[in-house]
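Trainee: next one to model:
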Amino acid sequence: MIPTEPPTSDRWNDITIPQVKWGTLDVVVAVTVTMLVVIAILSLGGAIGTDAGFDSTVSTPTGYYVGLLVTVLALILMHLFRSPLWPILATLAIGVGVSAMSYQLASETGNGTGEFIGVPVTIITATAMSGAFAAAGFAFSTVRYREPISSLGFVKTRGIKPYLFASLMWLIGLSVLMFWLQALVWFGIDVLVPPDTAEKALEKAGGSIVVTIVLAGILGPIAEEIFFRGYVLPGLIKRFGIGRSLLLSSLMFGLFHIDLGAIVPTFVLGLALGWVYLKTGSIWPAIFAHGLHNTVAVLVVKYADI
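Mentor: Prediction:
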């Protein structure tokens, strides 16, 4: 049964401070392992796609070598720190297996990309990669420390107020991003202009608004919030306190999006989502705000005449 109160025991200025067993070292290991698993799925899945005759942007045999190397590194790291292996191995196996099966059964769309059951394989692979975040969050918390799922923020909220607050924080963050974009235009700093991620996702999904929203507006936000807000943020608070932990977890969130232009926008979004989690004591409002942000971006790209 889902508890009605957050798994916390301390409040400071109405901020919920999650009390968890994992700490900073656990977070560093989890972040590193997650990065390696994502690279492994991308490399191995892409190499299989290339061998199947599709344009996957990953060459062979390099993709196989990179995928196997980072997998070994992840296993060594987890063994050294006595981390649970099976959730990560299962995620890696499922991710690569789903990608490989999709490429083998895919049909060529005419532009070198593969499509399976009407969905581009790149989208299927991206979904599998998102699963690595959720798997790492669960592996290094509920599995390793036998913590309840509520330790990751999965607690029931009361009423609509937490979601209204989450929406308000999203709007504030969005306003900051609009000012940031305008400043980049004023000063002509093109290198920091955010990539049109929503448009790229929509293109990869063959223009399917449903597929794109399921991936970017539902599955992606759930997986990323489990990891960055549910796992990383509480683990850092023990050592760095609320303010610095919020900054560090948001910076990690930004850096994981790789593109230089995406770092600042995702950092700002991470600050807003982290604050929502700390103020509400539940991960659900943060998931809602994250999904709202991504869904609105997709809908604007799809339907707005801009």
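
Trainee: just the helices from the stretch 151-300 of the chain, written as ranges.
Mentor: Taking DSSP state H, counting those that start in this stretch as the test, the helices found in the stretch 151-300 of the chain are 161-187, 197-204, 209-212, 220-225, 233-255, 260-280, 284-303.

Trainee: those: which one's closest to Val29?
Mentor: Between Val29 and the helices of the stretch 151-300 of the chain, the shortest gap by C-beta to C-beta is with helix 233-255, which sits at 10.3 Å. Placement of C-beta: from N, CA and C, glycine included.

Trainee: now that closest one and helix 260-280, what's the angle there?
Mentor: If you take axes from the mean of the first three to the mean of the last three C-alpha atoms, to 10 degrees, helix 233-255 sits at 160 degrees to helix 260-280.

Trainee: name the residues of helix 233-255 that are buried.
Mentor: With burial defined by 16 or more other C-beta atoms under 10 Å, the residues of helix 233-255 counted as buried are 233-238, 242, 245-250, 252-254.

Trainee: confidence-wise, which of the residues you listed comes last?
Mentor: By predicted confidence (pLDDT), the lowest-ranked of the buried residues of helix 233-255 is Lys238, with 85.

Trainee: in JSON lines: the helices of the stretch 151-300 of the chain, plus distance to Ala136.
Mentor: Putting those into JSON lines (distance: least, C-beta to C-beta, whole Å) gives the following:
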{"stretch": "helix 161-187", "distance to Ala136": "24"}
{"stretch": "helix 197-204", "distance to Ala136": "22"}
{"stretch": "helix 209-212", "distance to Ala136": "24"}
{"stretch": "helix 220-225", "distance to Ala136": "9"}
{"stretch": "helix 233-255", "distance to Ala136": "12"}
{"stretch": "helix 260-280", "distance to Ala136": "17"}
{"stretch": "helix 284-303", "distance to Ala136": "17"}
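
Trainee: out of those, name the one with the poorest average pLDDT.
Mentor: What stands lowest among the helices of the stretch 151-300 of the chain, in mean pLDDT terms, is helix 197-204, with a mean of 58.

Trainee: burial count for Thr71?
Mentor: For Thr71, the count of nearby residues is 21 (other C-beta atoms under 10 Å).

Trainee: let me know the average pLDDT across stretch 120-137.
Mentor: Averaging pLDDT along stretch 120-137 yields 82.

Trainee: hmm, back to that, and of the helices of the stretch 151-300 of the chain, who's closest to Met129?
Mentor: Minimum separation from Met129 across these (C-beta to C-beta) falls at helix 220-225, 9.0 Å.

Trainee: contacts for that closest one, please.
Mentor: The set of residues external to helix 220-225 that reach it, using C-beta atoms under 8 Å, 6 or more residues apart in numbering, is 130-134, 153, 253, 273, 277, 283, 286-287, 290-291, 294.

Trainee: report the two of the buried residues of helix 233-255 separated the most.
Mentor: When the buried residues of helix 233-255 are compared pair by pair using C-beta to C-beta, the farthest-apart members prove to be Lys238 and Gly254, with a separation of 22.2 Å.

Trainee: what sits against Val58?
Mentor: Contact criterion C-beta under 8 Å, 6+ apart gives 42-43, 45-47, 49-50 as the residues in contact with Val58.

Trainee: swap the cut-off to 7 Å and go again
Mentor: With C-beta atoms under 7 Å, 6 or more residues apart in numbering as the criterion, the residues that contact Val58 are 43, 46-47, 50.

Trainee: so what's the residue lying closest to it once chain neighbours are set aside scoring on pLDDT?
Mentor: Closest residue in space to Val58, ignoring its immediate chain neighbours: Gly46 at 2.8 Å, by C-beta to C-beta, 6 or more residues apart in numbering. We note a pLDDT of 85 for Gly46 in this prediction.

Trainee: my read: Gly46 touches Asp55, true?
Mentor: No: with contacts counted by C-beta atoms under 7 Å, Gly46 stays clear of Asp55, the gap being 9.9 Å.

Trainee: between those two, who's got more neighbours?
Mentor: Of the pair Gly46 and Asp55, Gly46 is the one with more neighbours under other C-beta under 10 Å, namely 27 against 14.

Trainee: the helix or strand the more buried one falls within: what's the following helix or strand?
Mentor: The secondary structure element spanning Gly46 is helix 24-51 (assigned by DSSP states H and E). Proceeding N to C from helix 24-51, the next assigned helix or strand is helix 62-80, under DSSP H and E.
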